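Student: next comes the sequence, and after it the predicted model I'd like to discuss.
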Amino acid sequence: MEQPVQPEEPEEPAESSAVRSHEIGNRSYLIADVDPLDVDGVRTVAVGTVLWLVAFVLLLPFSGRLAENDRSWWLWTCLAGFGLGVLGWDYCRRRRNRRQQRDAAQG
């Protein structure tokens with residue numbers, strides 16, 4: 001007859017002297033010492049830009065029906081979102097490249 005397997009108790013995280021807490025009202029929150037993400041925004045803006053283009057292409061076959069219902073601005077909104085997204089994508093790529101060049105020059 002097999003013995004039932006008892007789940008292991010999770011190990012307590014090692015206490016460090018650098019544990020910080022922040023109190024809000026009657027609650028206390030522990031603040032983890034975590035490095036921030038290195039997010040340059042290029043991928044995020046690219047995905048948003050592509051989604052605006054997809055929305056435009058998907059609405060294009062319905063342009064007649066949209067015009068009948070005074071909703072043709074939906075097409076122009078998608079097109080404007082795509083255009084502004086392309087500008088934002090270029091801006092984020094340039095900013096990322098400048099940061100990489102600056103970091104390489106510093107060391």
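Tutor: Cool, the structure landed.
Student: switch to C-alpha atoms for all contacts and neighbour counts from now on
Tutor: Will do.
Student: what number of residues lie near the closest residue to residue 22 other than its chain neighbours?
Tutor: With sequence-adjacent residues excluded and distances taken as Cα to Cα, 6 or more residues apart in numbering, residue 22 is closest to residue 29, at 5.1 Å. Per other Cα atoms under 10 Å, the neighbour tally for residue 29 reads 10.
Student: and for residue 103?
Tutor: 10.
Student: ok but it is inside a helix, no?
Tutor: Yes: with DSSP: H, G, I helix; E, B strand; the rest coil as the criterion, residue 103 is located in a helix.
Student: which residues of this protein score low on pLDDT?
Tutor: 1-18, 38 (pLDDT under 70).
Student: could I get the contacting residues of residue 47?
Tutor: If a contact means Cα atoms under 8 Å, 6 or more residues apart in numbering, then residue 47 has no contacts.
Student: check which helix or strand it maps to.
Tutor: If you go by DSSP states H and E, residue 47 is part of helix 42-59.
Student: buried residues in that helix?
Tutor: Buried residues in helix 42-59, counted by 16 or more other Cα atoms under 10 Å: 42, 45, 46, 48, 49, 51, 52, 53, 55, 56, 59.
Student: skip the chain neighbours and tell me the closest residue to the third one.
Tutor: For residue 46, the nearest residue in space outside its immediate sequence neighbours is residue 89; the separation is 6.0 Å by Cα to Cα, 6+ apart.
Student: and for the first one?
Tutor: Sequence neighbours aside, residue 92 is the residue nearest to residue 42 in space, at 5.4 Å (criterion: Cα to Cα, 6+ apart).
Student: what about that neighbour, how many residues close to it?
Tutor: 19.
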